[in-house]
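Enquirer: The sequence isn't on hand, but the structure is:
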């Protein structure tokens, strides 16, 4: 009986461990480009089962390095040598959950980040603020006061690789 139970446990571990390893990733690196420019680069890899990329917040060290700076540009492009991604949407949330790329519905539907990710092209956008009373969008450069979260939606290619670069200026 113990032997059967041990075999069942091993089978379950093998069967379910693949799903834990299959999750997409988005590791981040920080670069000080100049005295007045810094970037955070996310190299995203889609899940091996469904292509999804997890929401990823800036880590503590990177958040401290950009606090007080202004987000001025978001770029996205296929990672060189990787599997091409689907057209996908990008949203960047501040620490209060506001989409800094102008979502009109609280972060469900992208605006400036709509299809920012393309299978072959490099694309860029600037931060955008939706003004509901006026019914319009304005470009702006938000001051960073806390962690930012990268949200990539509608990416469905398994193991697709895309790079998202956030540029900050003083």
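Expert: Sure, I can see it. The model shown is predicted, which means the values in this text are computed figures rather than measured ones.
Enquirer: Quick one: the strands in this structure, in order.
Expert: Along the chain, the segments classed as strands by DSSP state E run 28-32, 37-45, 56-57, 70-78, 89-93, 123-125, 128-131, 136-139, 149-153, 161-169.
Enquirer: Please identify the most buried of those strands.
Expert: Per-stretch averages of neighbours, counted by mean count of other Cβ atoms under 10 Å, single out strand 89-93 among those, with a mean of 24. Using the backbone N, CA and C atoms, a C-beta is placed for each residue, glycine as well.
Enquirer: okay if I get the strands of the chain as TSV plus distance to residue 110 and mean pLDDT?
Expert: TSV is the format used below for the strands of the chain (distance: least, Cβ to Cβ, whole Å; pLDDT from 0 to 100):
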stretch	distance to residue 110	mean pLDDT
strand 28-32	20	93
strand 37-45	15	97
strand 56-57	16	96
strand 70-78	11	97
strand 89-93	4	97
strand 123-125	10	97
strand 128-131	10	94
strand 136-139	12	95
strand 149-153	7	96
strand 161-169	13	97
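Enquirer: Output those as CSV; include the columns distance to residue 114.
Expert: CSV is the format used below for the strands of the chain (distance: least, Cβ to Cβ, whole Å):
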stretch, distance to residue 114
strand 28-32, 23
strand 37-45, 17
strand 56-57, 20
strand 70-78, 11
strand 89-93, 6
strand 123-125, 9
strand 128-131, 10
strand 136-139, 12
strand 149-153, 10
strand 161-169, 14
